[in-house]
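[1] Okay, predicted coordinates and the sequence, questions at the end:
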Amino acid sequence: MKILVAVKRVIDYNVQIRVKEDGTGVHTDNVKMSTNPPDDNAVEEAVKLKESGKAKEVIAVTIGEEKAQETVRKALAVGVDRGIHVKTDSYVEPLGVAKILKKIVEKEKPDLVFMGKQAIDDDCNQTGQMLAALLGWSQGTFASKIQLKDKIVQVIREVDEGLETIEINLPAIVTCDLRLNEPRYASLPNIMKAKKKPIEQIFVKDLGVNVTNRIQQLKVEEPPKRKGGIKVKTVAELVSKLKNEAKVI
Ligand code: AMP
C-alpha cells in the first residue's frame, strides 16, 4: 500500500490577516506560514498506517513556490518517506492543483491519496473532489475516522445531520477533518534526519497540464465592522424588534 499526501503551505492560522490597502490581496511578507491544518491530520493518518504495517510507503506532495518545500520537509520530519515539490511561482486554483496531482498520481500509482478537507486560505473545499472526478476514483470527504479493510476503506464522515459511515473501494481519495487524529510534533533528531530524505522537484511546465486560472479575483476587502448590540428587557420586546426592525421573523 502506497499513500500520497497533499500538503499546502498557507498563512498560519494564528496570524491576524491584513488586507492590502489597494485591495489586490492580503499581506504575506514577513508573515508566518505553516502547513494547512487538516493536511497535518492527513500526514498523521498516513504515518500511523505506515507504523501499523498497513502502508509501505508514504509520499508528501506540495505545489507552490520554493518555500512550499518547508511543508514537505515538515511531513518528512514526522515519518513521511519522501517528498515531491511541484514548483510554480503563480497561484494555482483548485482545478489546476487537481490536474497536477492527477499527473503525480499517474506517475506514483498510490492506492490512497490523503488530503485536507479544505485549505484555510482560499476555503475552497474542492481539490479532493475534483481530483477524484478527474481520476474516476472513489472519494470519502470530511473523514473523522478511517479504517482499512483489505481493498476497502471505511470512512466515517461529518455531514450536516451527524456522522455518516461509508465504505469505498481502493484506489480512493480521502479528505481529512481536524477530528481525525492529533498530529504529532517532530522531534529534533527527526528534523535533522528529514534533511537527508529526498525531495524531487518537478516544474509545472514539464507536466503538460493547462493550469490557466478560470477565476478572476476582482477585489479583496475587510468584512464590515460589527455594530454594537443592544439589550432588550423582555421576550416580547425581542420578538417585536426581530419582526419590525430586523424583519427576520
Ligand atoms: P481546497 O480545495 O483549496 O480547499 O484544498 C483542499 C486540499 O487540497 C488541501 O487541504 C490540500 O490537501 C490540497 N491542496 C490544495 N492546494 C494545494 C497545493 N498547492 N499543494 C498541495 N496540496 C494542495
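    Cool, the structure landed. Residues are numbered from 1 along each chain as shown.
[2] Mind listing what's buried along the longest strand anywhere in the chain?
    Assignment by DSSP state E gives strand 138-149 as the longest strand of the chain. Residues of strand 138-149 classed as buried: 138, 139, 140, 141, 142, 143, 144, 146, 148 (neighbour count, 16 or more other CB atoms under 10 Å). For the C-beta atoms, the positions are set from N, CA and C on the backbone; glycine is no exception.
[3] got the CA positions of the helix or strand hosting residue 46 in PDB?
    According to DSSP states H and E, residue 46 maps onto helix 37-51. In PDB, the C-alpha atoms belonging to helix 37-51 read as follows (Å, rounded to 0.1, in the frame of the first residue of the first chain):
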ATOM      1  CA  PRO A  37      -4.100  22.400   9.400                       C
ATOM      2  CA  PRO A  38      -6.200  19.400   8.100                       C
ATOM      3  CA  ASP A  39      -3.200  18.500   5.900                       C
ATOM      4  CA  ASP A  40      -1.300  17.800   9.100                       C
ATOM      5  CA  ASN A  41      -4.100  15.400  10.000                       C
ATOM      6  CA  ALA A  42      -3.700  13.700   6.600                       C
ATOM      7  CA  VAL A  43       0.000  13.300   7.100                       C
ATOM      8  CA  GLU A  44      -0.500  11.900  10.700                       C
ATOM      9  CA  GLU A  45      -3.000   9.300   9.500                       C
ATOM     10  CA  ALA A  46      -0.700   8.100   6.700                       C
ATOM     11  CA  VAL A  47       2.200   7.900   9.000                       C
ATOM     12  CA  LYS A  48       0.100   5.900  11.500                       C
ATOM     13  CA  LEU A  49      -0.900   3.500   8.800                       C
ATOM     14  CA  LYS A  50       2.800   3.000   7.900                       C
ATOM     15  CA  GLU A  51       3.700   2.400  11.600                       C
END
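[4] Skipping adjacent residues, who's closest to whichever residue of the chain sits closest to the ligand in space?
    Closest residue of the chain to the ligand, CB to the nearest ligand atom: residue 116 (2.3 Å). Leaving aside its sequence neighbours, residue 116 sits nearest to residue 38 (CB to CB, 6 or more residues apart in numbering; 3.3 Å).
[5] Over to residue 70?
    Take residue 70 and drop its neighbours on the chain: the residue closest to it by CB to CB, 6+ apart is residue 9, 6.5 Å away.
[6] Pull up the per-residue confidence for the one you found.
    Residue 9 carries a pLDDT value of 97.
[7] can you pull out the strands in the protein?
    Using DSSP E, the strands of the chain run over 2-6, 9-11, 33-35, 57-64, 82-87, 112-116, 138-149, 152-159, 162-169, 172-176, 199-203.
[8] Of these, which is nearest residue 228?
    strand 9-11 (29.4 Å; CB to CB).
[9] Sheet partners, orientation included, of the closest one?
    Sheet pairing of strand 9-11 (DSSP bridges) gives strand 33-35 (antiparallel).
[10] where does the partner strand sit relative to the chain's centre, distance-wise?
    11 Å (CA atoms, centre = their mean, to the nearest Å).
[11] Just the mean pLDDT for it, thanks.
    Mean per-residue pLDDT for strand 33-35: 97.
[12] How about it and the ligand, touching?
    No. If you take CB under 6 Å from any ligand atom as the test, strand 33-35 misses the ligand, and the best it gets is 9.2 Å.
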